[in-house]
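> sequence first, then the predicted structure:
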Amino acid sequence: MGLFQNIFSKKPVKTGSAFKQNYGQDSLHEILRDAKRSMHATLGNVSYEGLDKLERIIAKRAKNLPTGTGFSSYTKRYMKEDVYKLYKKNEISEADMKDFKNIIDAL
């Protein structure tokens with residue numbers, strides 16, 4: 001988890017009206033892509049399609065939070081449940097599920 005914490009401490013994911021999903025250097029899309037590029041040994045097994053699925057899960061919750069607040073433990077739990085549902089539908093692998101949960105913990 002420490003590896004992911006380093007990535008998200010440099011570029012935290014913004015919430016509320018400041019949240020950007022697809023455009024700009026501080027968008028969620030770019031943060032996840034930078035994490036995959038810089039931590040290829042850890043996230044090498046995760047496909048870009050899998051990252052897009054994680055991006056949609058995080059975006060669904062981040063848009064509804066007040067601007068400037070962090071992700072609470074309840075919000076993270078709901079995001080982890082959504083990741084688990086993707087795993088149960090066989091849309092992501094077990095290794096992807098573990099990586100996604102670690103990423104969510106680091107938010």
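Everything's here; your move.
> give the next helix or strand downstream of the helix or strand bottoming out on mean pLDDT in the chain.
Every helix and strand of the chain was ranked by mean pLDDT, DSSP states H and E. The lowest is helix 2-10, at a mean of 70. Using DSSP states H and E, the helix or strand that follows helix 2-10 towards the C-terminus is helix 28-38.
> so which residues make contact with that next one?
4, 7-8, 11, 13, 19-24, 43, 46, 48, 51, 54-55, 58-59, 62, 103 (C-beta atoms under 8 Å, 6 or more residues apart in numbering). (Each C-beta comes from the backbone N, C-alpha and C, glycine too.)
> let me know how buried Pro66 is, in neighbour terms.
Pro66: 8 surrounding residues under other C-beta atoms under 10 Å.
> contacting residues around it?
By C-beta under 8 Å, 6+ apart, Pro66 lies in contact with 15-16.
> for it, which three-state class applies?
Of the three states, Pro66 takes coil under DSSP: H, G, I helix; E, B strand; the rest coil.
> give me phi/psi at it?
phi -60, psi 150 (degrees, to the nearest 10).
> list the buried residues of the host helix or strand of Ala41.
Using DSSP H and E, Ala41 sits within helix 40-43. By 16 or more other C-beta atoms under 10 Å, the buried positions in helix 40-43 come out as Leu43.
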